[in-house]
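Trainee: need the 3D shape of this:
(2 chains)
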Amino acid sequence: DGGITQSPKYLFRKEGQNVTLSCEQNLNHDAMYWYRQDPGQGLRLIYYSQIVNDFQKGDIAEGYSVSREKKESFPLTVTSAQKNPTAFYLCASNSKWANGELFFGEGSRLTVL
Amino acid sequence: SQQGEEDPQALSIQEGENATMNCSYKTSINNLQWYRQNSGRGLVHLILIRSNEREKHSGRLRVTLDTSKKSSSLLITASRAADTASYFCATGPDTGRRALTFGSGTRLQVQP
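Mentor: Model (predicted):
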């Protein structure tokens, strides 16, 4: 079945460590996105990519990094520079980089110990 | 920045009643979308309404859009316990950044 796969679902990290969250899609979508969700809050845009080898910062990019080497993959690295990384991270994609319907993965919950 | 603000933040109703959620936004848009999120899960797209549309229906869902007031509403008719979830509006801008901006969400509890 087509969809977006995020892994791991749960991740624990010690302070000072970098972690990478995986996002893979087999929907042949051009655009991919990373959002962060804090408890009881809406989604905030971290990074997005419209085509391979290109990406743009969102509203809260500080302390995060991404790459887009393949159309299917858009990994997110949470670096030690991110001061408050504990959150629920959601990856999404769509076929129209302008304004089309987003397809979401099931999310990755990161907890910093 | 969060474009959309939703009202109410939380809503509790009985099964069979209608649920109405409202969304306000700040800048001009190309379209407005509504999503549903079950606890701890990803979001699922419900409906999209374009800026030149005023009303749209999909099953038990009815969405309205008033671009002059920069607001939208989502009506769920004849609610069911399975409708219990958080609902988010998201706006697609007509210029500039090519990504949706989400509101803060409404948590809907439908009591059986």
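Trainee: where's the closest residue to chain A within chain B, which helix or strand?
Mentor: In chain B, no residue comes nearer to chain A than residue B:92, which is 3.2 Å away by C-beta to the nearest C-beta. C-betas here are computed from N, CA, C, even on glycine. For residue B:92, the host element (DSSP states H and E) is strand B:85-93.
Trainee: partner strands of that strand, parallel or antiparallel?
Mentor: Strand B:85-93 pairs in its sheet with strand B:29-37 (antiparallel), strand B:101-102 (antiparallel), strand B:106-111 (antiparallel), by DSSP bridges.
Trainee: out of the ones you listed, deepest packed?
Mentor: Comparing those on average neighbours per residue, with mean count of other C-beta atoms under 10 Å in any protein chain shown, the densest one is strand B:101-102 at a mean of 25.
Trainee: so where's chain A shaky on pLDDT?
Mentor: Confidence mapping of chain A against pLDDT under 70 gives the ranges A:1, A:96-99.
Trainee: show me where it has helices.
Mentor: Counting by DSSP state H, one finds no helices in chain A.
Trainee: check contacts around the most centrally placed residue in it.
Mentor: Ranked by distance to the mean C-alpha position of chain A (C-alpha atoms, centre = their mean), the top residue is residue A:34 at 3.1 Å. Residues in contact with residue A:34 (C-beta atoms under 8 Å, 6 or more residues apart in numbering or on different chains) are A:23, A:45-48, A:58, A:64, A:66, A:74, A:76, A:89-92.
Trainee: quickly list what it is bridged to.
Mentor: In beta-bridge terms (that is, DSSP bridges), residue A:34 pairs with residue A:47, residue A:91.
Trainee: specify the local secondary structure of residue B:23.
Mentor: strand (DSSP: H, G, I helix; E, B strand; the rest coil).
Trainee: hmm, it is touching residue B:74, no?
Mentor: Yes: using C-beta atoms under 8 Å, residue B:23 is in contact with residue B:74, at 7.4 Å.
Trainee: overlap in contacts of those two?
Mentor: With C-beta under 8 Å, 6+ apart, residue B:23 and residue B:74 have common neighbours B:34, B:89.
Trainee: what residues does chain A have near chain B?
Mentor: A:4, A:31, A:33, A:35, A:40-45, A:48, A:50, A:56, A:58-59, A:88, A:90, A:92, A:97-99, A:101-107, A:109 (C-beta under 8 Å from any C-beta of the partner chain).
Trainee: quick one: low-confidence parts of chain B?
Mentor: B:1-4.
Trainee: list the residues that contact residue A:61.
Mentor: Neighbours of residue A:61 in contact, by C-beta under 8 Å, 6+ apart: A:46-47.
Trainee: now swap in the one 10 residues further on and tell me
Mentor: Applying C-beta under 8 Å, 6+ apart, we find residue A:71 in contact with A:28-30, A:52.
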